[in-house]
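K.L.:
Build me a structure from this.
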Amino acid sequence: MVPINLVRSSNAALRSIPSTSHSAGITALFVSGTSGIGLYTLRALTRHTEGKALTVYIVGRSAYRAKPVLSELQRISPRARFTFIEADVSLIRNVDSVCKKVIESEKGGKGKLDSLFMTPGGISIPFRRRETSEELDRLFALRYYARMRIIQNLLPLLESELEPSTSPGPNSIPSRMVSIHGSGFEYGINLDDLNLKHNFSLLNACNTPLQ
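P.N.:
Below is the predicted model:
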């Protein structure tokens, strides 16, 4: 486990992150940021960057549930800009739409994404395979396909470099991607049924995307 003093010093260093050549401050995308780990991490980021330019795109399924969250975050950091995008990311076509909106907002793809934090998930009740209209299991889509598609679509923003004429400073840091799954579910994988059409179970649906 990472020592708590290292975590605190890393959080404190957020205030000293320099502006990039593309945009001032920090730009982040939180997929599933209105509850759970995503929300708590977003709150922490907002607190530790208070007083610094911060742009955050938050993806969630309900604009109604997001409203009090946005109000809370704005109180924590009045200077920050929070944009909510309502979407069900278990559908890959919705993922593409979300990414398109982010790219267009970031100067048509010429901006930069400093942080990508993904925590979409859930539990299928009853515990059975539930296919989306795209013929993918919903839980599998949330834990794997949607996340890989987001990374693929936004890679140019995540890899955006400083202009050649600008040398990175000592405090420059690369973009970060964090994808939270289900620790403790790592075990064998069925290579003959990766899509779990014939061997679906809650444990398999949690484990297979981790591999």
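K.L.:
L139: neighbour count?
P.N.:
Counted by other C-beta atoms under 10 Å, the residues lying close to L139 total 25. No exception for glycine: its C-beta is placed from N, CA and C like everyone else's.
K.L.:
right, I mislabeled it, should have said P3
P.N.:
When counting by other C-beta under 10 Å, one arrives at 8 neighbours for P3.
K.L.:
i'd like the first residue to be 53 from this point on
P.N.:
That works, and once the first residue is 53, the last one we named lands at P55.
K.L.:
got a pLDDT number for it?
P.N.:
At P55 the predicted local confidence, pLDDT, stands at 88.
K.L.:
And it, its phi and psi?
P.N.:
P55 adopts backbone torsions of phi -60, psi 140, taken as degrees, to the nearest 10.
K.L.:
And Y116, by the same measure?
P.N.:
Dihedral angles (degrees, to the nearest 10) for Y116: phi -60, psi -50.
K.L.:
From K162, how far out is it?
P.N.:
Separation of Y116 from K162 (C-beta to C-beta, to the nearest Å): 33 Å.
K.L.:
Pull up the gap between S149 and L210, please.
P.N.:
19 Å.
K.L.:
For those two, indicate the residue with more neighbours.
P.N.:
In this view S149 and L210 are compared by other C-beta under 10 Å, and L210 has more residues nearby, 18 against 14.
K.L.:
Please list all residues in contact with that one.
P.N.:
Residues near L210 by C-beta atoms under 8 Å, 6 or more residues apart in numbering: L165, L168, I203, S227, M229.
K.L.:
Quick check: pLDDT value at it.
P.N.:
The confidence metric pLDDT takes the value 92 at L210.
K.L.:
And F136, how far from V121?
P.N.:
8 Å.
K.L.:
overlap in contacts of the two?
P.N.:
In contact with both F136 and V121: I110, using C-beta under 8 Å, 6+ apart.
K.L.:
tell me the SS of D245?
P.N.:
D245 falls in the coil class when you classify it by DSSP: H, G, I helix; E, B strand; the rest coil.
K.L.:
In strands, which of the contacts of L210 appear?
P.N.:
Counting by DSSP state E, these place L168, M229 in strands.
K.L.:
Could you point out which of the contacts of L210 is nearest to A64?
P.N.:
S227 (20.0 Å; C-beta to C-beta).
K.L.:
List the contacts of the residue lying closest to E102 once chain neighbours are set aside.
P.N.:
Closest residue to E102 apart from its sequence neighbours, by C-beta to C-beta, 6 or more residues apart in numbering: S129 at 4.7 Å. By C-beta under 8 Å, 6+ apart, S129 lies in contact with T98, R99, T101, E102, G103, L106.
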